[in-house]
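Colleague: mind looking at a prediction? Sequence and model below.
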Amino acid sequence: MSFVRAYLRASTTDQDANRAREELVKFASERNVKIASFYAENETGASLKRPELFRLLSDCGAGDVLLVEQIDRLSRLNSDDWNCLKQQIQSKRVKVVSMDLPTSWMMAKTDTDEIQDRILEAVNSMMMDLLATFARKDYEDRRRRQSQGIAKAKSEGKYRGRPEDKIRNAAIRKMLAIGQSWSSIVAATGCSRSTLARLSKLP
């Protein structure tokens, strides 16, 4: 028996990774399939450091479906990392279905035959490569525009960097004062160790 597993991702903790959950449920329902489980995380799509995605793949059996809203939720990876992820998906014989990729929709059905699967996988693989390439280009373009904007602001003396989160930092200093471990503070607040080091030195 095959299962449909939905993957949801947002890039930052300020964004809602579960935003597309209802759309995925509706998409699956329209194709008379039910989503067995959801895996959501707030991680950049430009990195392979995504524990929920790999937990999903670990849970998958041959023929299971990995359902996403868009291919860029799955990948904004560079070419080498994308090929690495694809190999892991293919080695598990997982079918990738994306709402923005019509060629993949037939694969949402869990009762297709072997010949049909092979044809769909070939077409789907080519289209996924294209969309993953576009997603990476969009990521790099946005990063470049951001860097250009910062450089321009610096040259004009307008750049002040990210504003300090005073409420969070005050809470972190209280945690440090009572002897809470750095690891637990990082886990609770999402701050970096360099921020902890800086705050720990304040009078």
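Modeller: Happy to help now that I have it.
Colleague: where along this structure do the helices fall?
Modeller: If DSSP state H is used as the criterion, the helices of the chain fall at 21-30, 51-59, 71-74, 79-91, 114-155, 166-177, 182-189, 193-200.
Colleague: of those, which is nearest Ser37?
Modeller: helix 51-59 (7.2 Å; C-beta to C-beta). All C-beta atoms are positioned from the backbone trio N, CA, C, and that covers glycine.
Colleague: can I get the closest one as PDB, trimmed to CA atoms?
Modeller: In PDB, the C-alpha atoms belonging to helix 51-59 read as follows (Å, rounded to 0.1, in the frame of the first residue of the first chain):
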ATOM      1  CA  PRO A  51      15.500  17.400   9.000                       C
ATOM      2  CA  GLU A  52      11.800  17.100   8.200                       C
ATOM      3  CA  LEU A  53      12.300  16.500   4.500                       C
ATOM      4  CA  PHE A  54      14.700  13.700   5.200                       C
ATOM      5  CA  ARG A  55      12.500  12.300   8.000                       C
ATOM      6  CA  LEU A  56       9.800  12.200   5.300                       C
ATOM      7  CA  LEU A  57      12.000  10.300   2.900                       C
ATOM      8  CA  SER A  58      13.100   8.000   5.700                       C
ATOM      9  CA  ASP A  59       9.400   7.200   6.400                       C
END
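Colleague: on that earlier part again, quick one: which of the helices of the chain is nearest Thr44?
Modeller: Between the helices of the chain, helix 114-155 lies closest to Thr44; by C-beta to C-beta that is 8.6 Å.
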